[in-house]
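Novice: how does the following fold in three dimensions:
(one chain, ligands or ions: 1)
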Amino acid sequence: MERRHQVVVVGAGPAGLNAAKYAANAGCDVALIDSGKRLGGQYWRHTGVQDFDQSLHDDFDSASLLVDAVRANPRITICSDTSIWSASILDEQIILRTKNGAFITQRLVLATGAYDRTIPFPGWDIPGVMTAGAAQSLLKGSGVIAGKKIVVAGTGPFLLPVAAALSTHGAESVELYEATPWNAWLSQLHILLQNPSKIFGALGYFKTLRNNKVKMQYHSAVVAAHADDSGLLKSVTVAKIDSNYKVLSEREVPCDVVAISYGFTPDIALAASLSLKAKVASDGSTFIEVDAEQRATTLDAKYQIFAAGELTGVGGSDLALVEGAIAGLAAAGSSQNKKTLLKLRRRSARFAQALLKVYPVPNGWKGWLKNDTTICRCEEVDYQEFLEAGQVLGASDARTMKLMTRCGMGMCQGRICSRNIFDLLQSSEEDRIRGSQRPIITPITLGELAQEGLL
Ligand SMILES: Cc1cc2nc3c(=O)[nH]c(=O)nc-3n(C[C@H](O)[C@H](O)[C@H](O)COP(=O)(O)OP(=O)(O)OC[C@H]3O[C@@H](n4cnc5c(N)ncnc54)[C@H](O)[C@@H]3O)c2cc1C
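Specialist: Below is the predicted model:
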């Protein structure tokens, strides 16, 4: 089956929802596609959940308003539970393939978001070790508390809402270990002061953490996890670290879940398969470069592709919303409210830049690895195998490493390990960009691949 729309938006998080709304309000017929069952993306994954505990979200009302506006708009066709597994250009048309046929358009907005960034350490593959995003998603999306004694660790502002939500909604104890020093924001105070809502947001979380007796320590990280006889998590090693993540001292902390987050990685898989121009940020992540109208650089000007939200650089939901609005309007050929939107984007983008400076992830984590530490969890490649492939087989770039060891070749398609592999190999920008290109974006069945009439 083929479906044609004036504008197609992929991703129904804050950026994609706003892009669809603005493009439709400007008169376009829009298809909004998301692999999830519900609208809202990662941040607003609760929308549509009956009896959702609204205290889990400080901007529940704005999320609901936007989702309702999108649902009520007759120009928007919502296609949930629909993954784009491949995309290409055919006769100047953009073709997006799903298990139920293809979408065809000449104006595409990509808002595919980001995924959790985690770094490897001994035992990070033990059941009970998960990303902070996973713990948050279980709670917000399904009302499930991941464990009883929970350690939240890593770096970045995302640790605060995760620890606050877990401690409020039934965890017996929560401890929070932030790798960055407490005064890291001092160098970016001027940016923080321009965003009072962020200050109030953080103060709210600190108050919740204090009320729930959450122990919080800075300059600290989880550097190893340990299993009990049945193979489940029983404790983690928490280390005091210096500013390069070198371990200074260690102690063991009992827990049944550890939720780790070192920020996010832009999901550029779909964008890369359409050969959009990508760049490497100062933290080593790869993002899609856009112009003032969120237009990405394509190989041909006969079709237009816009990118909005986290895949243009991680910046949070406020930035994603405004970028989505700009992209939606530009895709519809409208320049309504452009000045105001550009001003809003500048302010949010400055905050995103400050986040990068305040929460760096230095290379010292490589010192936490042991020879038997897993590097690629899907293909069970350990550090020794990885080192040997480099030293003996001469694998010095990510693609050769994948061919020699299979790391990055598994079910997650490198989403979890590839950024760490780039860092371990000290990959060049070119290697990082090339390593993000994969012709098949999500795993599919042979039946889906063999669909009749697939373009
Ligand atoms: C697991 C996780 C939890 C998070 N929780 C929070 C939080 O609690 N608080 C907070 O401030 N920030 C949170 N964030 C950060 C948050 O993602 C952003 O601030 C915000 O949601 C970005 O909006 P977005 O529209 O760019 O992307 P997202 O909200 O990530 O939306 C992207 C959407 O694109 C869809 N998609 C991607 N690829 C495809 C494809 N090939 N086919 C079809 N659909 C596709 C995804 O299903 C997703 O719904 C979280 C991030 C992650 C990864």
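Novice: who in the stretch 101-250 of the chain is up against the ligand?
Specialist: A111, T112, G113, A114, Y115, D116, G133, Q136, S137, F158, P161 (C-beta under 6 Å from any ligand atom). From N, CA and C alone the C-beta is placed, and that goes for glycine too.
Novice: where's the dip in pLDDT among those?
Specialist: pLDDT across those is lowest for S137, at 88.
Novice: buried residues of the helix or strand hosting that one, list them for me.
Specialist: If you go by DSSP states H and E, S137 is part of helix 132-142. Of all the residues in helix 132-142, those buried under the rule 16 or more other C-beta atoms under 10 Å are A132, G133, A134, A135, Q136, S137, L138, L139, K140, G141.
Novice: out of those, which is nearest to the ligand?
Specialist: Of all those, G133 has the smallest distance to the ligand: 2.5 Å, by C-beta to the nearest ligand atom.
Novice: nearest residue to the closest one other than its sequence neighbours?
Specialist: D116 (4.1 Å; C-beta to C-beta, 6 or more residues apart in numbering).
Novice: ok, that neighbour to D61 distance?
Specialist: 27 Å (C-beta to C-beta, to the nearest Å).
Novice: ditto for K140
Specialist: From K140 to D61 the distance is 16 Å (C-beta to C-beta).
Novice: what's the answer for V314, then?
Specialist: V314 is 25 Å from D61, by C-beta to C-beta.
Novice: and E175, by the same measure?
Specialist: Counting by C-beta to C-beta - E175 and D61 are separated by 32 Å.
Novice: which one of the two is surrounded by more residues?
Specialist: Neighbours were counted for E175 and for D61 using other C-beta atoms under 10 Å; E175 has more, 22 against 10.
Novice: which residues touch the helix holding S137?
Specialist: Applying C-beta atoms under 8 Å, 6 or more residues apart in numbering, the contact partners of helix 132-142 are 42, 45-46, 49, 56-57, 115-116, 144-146, 150, 152, 154, 158-159, 161-162, 165-166, 169, 257, 259-261, 264.
Novice: quick check: mean pLDDT across the lengthiest helix in the chain?
Specialist: In the chain, assigned by DSSP state H, the helix with the most residues is helix 338-358. Summarised as a single mean, pLDDT over helix 338-358 is 93.
Novice: which strands or helices does the very next helix or strand once past that helix pack on?
Specialist: Later in the chain than helix 338-358, the nearest helix or strand by DSSP H and E is strand 374-376. If you count contacts as 3 or more C-beta pairs under 8 Å, 6 or more residues apart in numbering; DSSP states H and E, strand 374-376 packs onto strand 381-382, helix 383-391, helix 418-425.
Novice: pairing partners for the first one, with directions?
Specialist: Meaning strand 381-382. strand 374-376 (antiparallel) (DSSP bridges).
Novice: starting at the chain centroid, how far to the partner strand?
Specialist: 20 Å (C-alpha atoms, centre = their mean, to the nearest Å).
Novice: so what touches it?
Specialist: By C-beta under 8 Å, 6+ apart, strand 374-376 touches 120, 124-125, 369, 380-383, 385-386, 405-410, 416-417, 420-421, 424.
Novice: how many neighbouring residues does the nearest residue to W182 once chain neighbours are set aside have?
Specialist: Take W182 and drop its neighbours on the chain: the residue closest to it by C-beta to C-beta, 6+ apart is Y218, 4.5 Å away. With neighbours defined by other C-beta under 10 Å, the count for Y218 comes to 16.
Novice: so what pLDDT did Y218 get?
Specialist: 97.
Novice: my guess is it contacts P181, does it?
Specialist: Yes. Proximity of Y218 to P181 meets the contact threshold set by C-beta atoms under 8 Å, at 5.3 Å.
Novice: average pLDDT for the helix or strand hosting I95?
Specialist: According to DSSP H and E, I95 maps onto strand 93-98. Mean pLDDT, computed over strand 93-98, is 95.
Novice: can you check stretch 265-272 too?
Specialist: In this model, stretch 265-272 has a mean pLDDT of 95.
Novice: now find how far off-centre that stretch is within its chain.
Specialist: For stretch 265-272, the distance to the chain centre is 10 Å (C-alpha atoms, centre = their mean).
Novice: is it anywhere near the ligand?
Specialist: Yes. If you take C-beta under 6 Å from any ligand atom as the test, stretch 265-272 does meet the ligand, through D267, L270.
Novice: kindly export that stretch (C-alpha atoms) in PDB.
Specialist: Below are the C-alpha coordinates for stretch 265-272, written out as PDB (Å, rounded to 0.1, in the frame of the first residue of the first chain):
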ATOM      1  CA  THR A 265      22.600  10.400  21.900                       C
ATOM      2  CA  PRO A 266      20.700  11.900  18.900                       C
ATOM      3  CA  ASP A 267      18.800   9.200  16.900                       C
ATOM      4  CA  ILE A 268      20.000  10.100  13.400                       C
ATOM      5  CA  ALA A 269      19.500   6.600  11.900                       C
ATOM      6  CA  LEU A 270      16.700   7.600   9.600                       C
ATOM      7  CA  ALA A 271      18.300  10.900   8.700                       C
ATOM      8  CA  ALA A 272      21.600   9.300   7.900                       C
END
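Novice: what kind of secondary structure is W182 in?
Specialist: coil (DSSP: H, G, I helix; E, B strand; the rest coil).
Novice: and the contacts of stretch 411-418?
Specialist: Contacts of stretch 411-418 (C-beta under 8 Å, 6+ apart): 115, 118, 120, 265, 267, 269, 375-378, 398, 402, 407-408, 421, 435-436, 438, 440-443.
Novice: which ones among those map onto strands?
Specialist: Taking DSSP state E as the definition of strands, these contribute Y115, T265, I375, C376.
Novice: in this protein, which spans are helices?
Specialist: 14-25, 60-72, 132-142, 159-168, 189-193, 196-211, 269-273, 317-331, 338-358, 383-391, 398-405, 418-425, 429-435, 446-449.
Novice: so what does the second one touch, helix or strand wise?
Specialist: Packed against helix 60-72, as judged by 3+ C-beta pairs under 8 Å, 6+ apart, are the following elements: helix 14-25, strand 76-79.
Novice: can you tell me which of these is nearest to the ligand?
Specialist: Between these, helix 14-25 lies closest to the ligand; by C-beta to the nearest ligand atom that is 3.4 Å.
Novice: that closest one to helix 338-358, inter-axis angle?
Specialist: Between helix 14-25 and helix 338-358, the angle comes out at 170 degrees (axes from the mean of the first three to the mean of the last three C-alpha atoms, to 10 degrees).
Novice: restrict helix 14-25 to CA atoms and write it as PDB.
Specialist: Provided in PDB are the C-alpha atoms of helix 14-25 (Å, rounded to 0.1, in the frame of the first residue of the first chain):
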ATOM      1  CA  PRO A  14       7.300  17.300  21.500                       C
ATOM      2  CA  ALA A  15       9.100  18.300  18.200                       C
ATOM      3  CA  GLY A  16       7.000  16.100  15.900                       C
ATOM      4  CA  LEU A  17       3.700  16.900  17.500                       C
ATOM      5  CA  ASN A  18       4.400  20.600  17.200                       C
ATOM      6  CA  ALA A  19       5.700  20.200  13.600                       C
ATOM      7  CA  ALA A  20       2.500  18.400  12.600                       C
ATOM      8  CA  LYS A  21       0.300  20.900  14.300                       C
ATOM      9  CA  TYR A  22       1.900  24.000  12.700                       C
ATOM     10  CA  ALA A  23       2.100  22.400   9.300                       C
ATOM     11  CA  ALA A  24      -1.600  21.400   9.400                       C
ATOM     12  CA  ASN A  25      -2.700  24.800  10.800                       C
END
